[in-house]
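*Asks:* Just to be clear, the model below is a prediction. Sequence and coordinates:
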Amino acid sequence: MSAGLRARRAIETLKEYHPPLGGRDGLRLDFNENVDGCSPRVLDTLHSITAETLNKYPEREPGEQAVAHHLGLPSEQVLLTNGVDEAIHLLAETYLEPGDETLIAVPTFSMYEIYALATGAEVRTVQSGEALEFPAAELLRAITPRTRFICVANPNNPTGAIATRAQLFAIVQAAPQAAVLIDEAYTHFGGESLLDQVGRLDNLFVSRTYSKAYGLAGFRLGALLGSASQLKMLRRVASPYNVNGIALTCLTAALDDREYIAGYIAQVLEGRSRLEHFYLEQRIPYWPSQANFVLAYFGSYRQAFVAEMRQRGILVRDRNSDPGCAGCVRITLGNRLQTEHLLRELPAALTRIGFEPQPRPTLATKGTQ
Ligand SMILES: Cc1ncc(COP(=O)(O)O)c(C=O)c1O
């Protein structure tokens, strides 16, 4: 008798990743989405969707031309993807062989590790220090001839920390045999972009998402930017219809409404400094953020705090199990009214749980694993 169907070993040993998606009613400050909405022009365009938009296989190229024009790149340097998630997946599929090494600095976005491990590659992690800063020197030191994929979120999730251009250049140049992804999912809120280097450094990839500032997480739309010769390889693996027709139909409306994006970003930045100011006043340790969220330390009150905020109709994200983030909670900023709402409920929630600020204990783990 045959042994029956088994998944590949790399998949059987992969840990399950279940973001807490169910029952997300209330003010959703837990997923770094744009909770203000999206450009009204996108909603208008949605009304023009016809049966033909749905019965035709979607055409990705005009969308790539629109994004290329918007970013000032030639269209051969743009690959539209089903969210940045798919861009990471395609990079892992294109460059990693079983046994190759992927390097990431942690804590960071989970999908880098998941897609790399799924290919049978190994993942080496470099732990950020006390300040959860980008561990540039340690990451550089960890590069070996087997390193084939390096992922850096800039700004980083869940810390809001940034890497400088000089640090990122050094990494891209030190690992010419590796695909280096600089994931600029939160670039609208801070940090320096490497967009102007796309096409100049052959192993550099930059990703942008339409899930965050643009408020289109439900569309699943991302852009991977890289040298034309490397993207040619990725196009071999990508489905020709990976981006759906509704998202493609609405894309130019989203890109053209620069005013909506600028107004939303301004409200997020104002909210971020108000939230950081609140943490400072309350002596709650937090990490100054360059993204649309702030990570703070609630120590042993973490669970009670998250539950109390939920009771009050505000969802915040427990990041306790991220490496180096024990006792931490991340809160996303929304528009001005939503920040007012948050700042009204926060002090009441803390009083209700009897919160006392605690100093953050020293990190036990540091260095490469
Ligand atoms: C750093 C980072 N990259 C990518 C993503 C996912 O982007 P997308 O919705 O385009 O797949 C996230 C979502 O949280 C993120 O934090």
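*Replies:* Arrived safely.
*Asks:* Around the single nearest residue of the chain relative to the ligand, how many other residues sit close by?
*Replies:* Residue nearest to the ligand within the chain: Gly83 (2.7 Å; CB to the nearest ligand atom). Just so you know, the C-beta spots here come from the backbone N, C-alpha and C atoms, and that holds for glycine as well. Gly83 sits with 23 neighbouring residues when counted by other CB atoms under 10 Å.
*Asks:* Hmm, it is touching Ser211, no?
*Replies:* Yes - Gly83 is in contact with Ser211 according to CB atoms under 8 Å; the separation is 6.3 Å.
*Asks:* Need the residues touching each of the two.
*Replies:* Ala217, Arg220, Leu221, Gly222 (CB atoms under 8 Å, 6 or more residues apart in numbering).
*Asks:* And the first one, how close does it get to Ala185?
*Replies:* Note on Ala217: its distance to Ala185, by CB to CB, to the nearest Å, is 11 Å.
*Asks:* intersection of neighbour lists for those two?
*Replies:* Taking CB under 8 Å, 6+ apart as the criterion, Ala217 and Ala185 both touch Ser211.
*Asks:* higher neighbour count, these two?
*Replies:* Ala185 (25 against 17).
*Asks:* The more buried one belongs to a strand, doesn't it?
*Replies:* No - secondary structure of Ala185 (DSSP: H, G, I helix; E, B strand; the rest coil): coil, not part of a strand.
*Asks:* give me phi/psi at it?
*Replies:* Ala185 adopts backbone torsions of phi -60, psi -30, taken as degrees, to the nearest 10.
*Asks:* residue boundaries of the helices in the protein?
*Replies:* 9-12, 40-46, 51-55, 61-71, 83-95, 111-118, 136-142, 165-174, 228-237, 245-256, 258-281, 302-311, 336-352 (DSSP state H).
*Asks:* dump the residue contacts of Gln77.
*Replies:* Ala68, Val198, Gly199, Leu225, Gly226, Ser227, Ala228, Leu231 are the contacts of Gln77 under CB under 8 Å, 6+ apart.
*Asks:* can you pick the most crowded of the residues you listed?
*Replies:* Gly226 (29 neighbours).
*Asks:* how about the residues of the chain near the ligand?
*Replies:* Counting by CB under 6 Å from any ligand atom, the positions of the chain adjacent to the ligand are 32, 83-85, 109, 153, 157, 183, 185, 209, 211, 217, 222.
*Asks:* what do you get if the cut-off is 8 Å, keeping everything else the same?
*Replies:* 31-32, 81-88, 108-109, 111, 153, 156-157, 183, 185-186, 207, 209-212, 217, 220-222 (CB under 8 Å from any ligand atom).
*Asks:* Can you flag the buried ones in the residues you listed?
*Replies:* Among those, those scoring as buried are 31-32, 81-88, 108-109, 111, 153, 156-157, 183, 185-186, 207, 209-212, 217, 220-222 (criterion: 16 or more other CB atoms under 10 Å).
*Asks:* Residues in a beta bridge with the residue lying closest to Arg235 once chain neighbours are set aside, which ones?
*Replies:* Spatial nearest neighbour of Arg235, chain neighbours left out: Leu79 (6.5 Å); criterion: CB to CB, 6 or more residues apart in numbering. Assessed by DSSP bridges, Leu79 has beta-bridge partners Leu224.
*Asks:* Contacts only, for Leu79.
*Replies:* Listed by CB under 8 Å, 6+ apart, the contact set of Leu79 reads Glu64, Ala87, Leu90, Ala223, Leu224, Leu225, Gly226, Leu231, Leu234, Arg235, Ala238.
*Asks:* do Ala348 as well
*Replies:* Counting by CB under 8 Å, 6+ apart, Ala348 touches Arg312.
*Asks:* Now do it, the pLDDT please.
*Replies:* At Ala348, the pLDDT value in this model is 97.
*Asks:* Please tell me how far it sits from Leu337.
*Replies:* For Ala348 relative to Leu337 (CB to CB), the value is 17 Å.
*Asks:* do the same with Tyr186
*Replies:* Per CB to CB, Tyr186 is found 22 Å from Leu337.
*Asks:* want to try a markdown table for the contacts of Gln77, with pLDDT as columns?
*Replies:* Converted to a markdown table, the contacts of Gln77 look like this (pLDDT from 0 to 100):
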| residue | pLDDT |
| --- | --- |
| Ala68 | 98 |
| Val198 | 98 |
| Gly199 | 97 |
| Leu225 | 98 |
| Gly226 | 98 |
| Ser227 | 98 |
| Ala228 | 98 |
| Leu231 | 98 |
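*Asks:* would CSV of these with distance to Leu251 be doable?
*Replies:* Listed next are the contacts of Gln77 as CSV, based on distance: CB to CB, whole Å:
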residue, distance to Leu251
Ala68, 12
Val198, 19
Gly199, 22
Leu225, 15
Gly226, 19
Ser227, 23
Ala228, 21
Leu231, 18
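*Asks:* Quick check: the two most widely separated of the residues you listed?
*Replies:* Farthest apart among the contacts of Gln77 by CB to CB are Ala68 and Ser227. That separation is 13.6 Å.
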